[in-house]
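Trainee: how would this look folded up:
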Amino acid sequence: MATTDVSKYKVIRKGNFAFNPYLLWAGALALNSGFEAGVISPLYPTFKVRDGYDPAYLRYVLLSAPMIQKYDSIAFGSVPRRRRSSVEDFLNLTLPEVPPLEDQQRIARLLDRVDGLRAKRRDSIAYLDDLIVSAYRKEFASGHDVPMSTLGDVLVNGLSNGLSPANSGTITARVLTLSAVT
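Mentor: As a prediction, this is how the structure comes out:
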C-alpha cells in the first residue's frame, strides 16, 4: 500500500466490485472474491450486485471484450492513458440479457474451471521455458570446461550457396537456396 493511513479508504466486501475510472477503458475492473473485506482507494467506485445476480458470472460479462469496447466508448479526455469514465455513464451501459441465477452460477463455475485450466497451461509453458534455459545454462554456461567445436568442424562442406538441384535437372521440386534465407 502507498500509505499507512487508510482512514479515508473505502471498505470493499467479498462479492463487491471496484473499477478504476481512469483505466476502465482497458478493463480495470475487479471483483473481490478472495477476502471477506479489504480497503480500496476512495477514487475507485465500488458496487455490489442485486439479489438474483451472481457476482462471479457478472465478472465474466463485465470483463468480456464487448463490454471493454463499451467502456472505451464512454471514456473521455485528451490524454489517451488518462481518459476517464463517469459512474453515470458506466451505470447506463447495456448488458446482454442475464439468464436465471442457477444458469449464471453454472456458467460461472464452468468458466472458473476453464480459467483454472488456462492458468495451469500458462504455468506449464513457463516451467518448460525455464527448464530449457536452465538446461542450457547447466550444460553450456556453467563455467565448466565443456568441449567446444566450431561450426566449420560440424558442417560437411562449410557454408556456400552451392548448386540448386533443380538447375542441374536431377530434382523437379523447387529448392530454397541459401541466398533466400534471411
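Trainee: ok now stretch 112-128, how far from the chain's centre?
Mentor: Averaging C-alpha positions (CA atoms, centre = their mean, to the nearest Å) puts stretch 112-128 12 Å from its chain's average.
Trainee: Skip the chain neighbours and tell me the closest residue to Cys89.
Mentor: Quick fix: residue 89 is Asp, not Cys. Across the structure, with CB to CB, 6 or more residues apart in numbering as the measure, the residue nearest Asp89 apart from its sequence neighbours is Ile74 (4.0 Å). The way it works is simple: take the backbone N, C-alpha and C, and place the C-beta from them, glycine included.
Trainee: Please, which helix or strand holds Ser149?
Mentor: Following DSSP states H and E, there is no helix or strand that holds Ser149.
Trainee: show me what contacts it?
Mentor: Under the criterion of CB atoms under 8 Å, 6 or more residues apart in numbering, Ser149 has no neighbours.
Trainee: That one and Glu139: what is the separation?
Mentor: 14 Å (CB to CB, to the nearest Å).
Trainee: The residue nearest to Asp89 contacts Ser85, doesn't it?
Mentor: Yes. Counting by CB atoms under 8 Å, Ser85 is a contact partner of Ile74 at 5.1 Å.
Trainee: could you say what helices and strands the longest helix seen in the chain packs with?
Mentor: Assignment by DSSP state H gives helix 101-140 as the longest helix of the chain. Applying 3 or more CB pairs under 8 Å, 6 or more residues apart in numbering; DSSP states H and E, we find helix 101-140 packed against helix 55-62.
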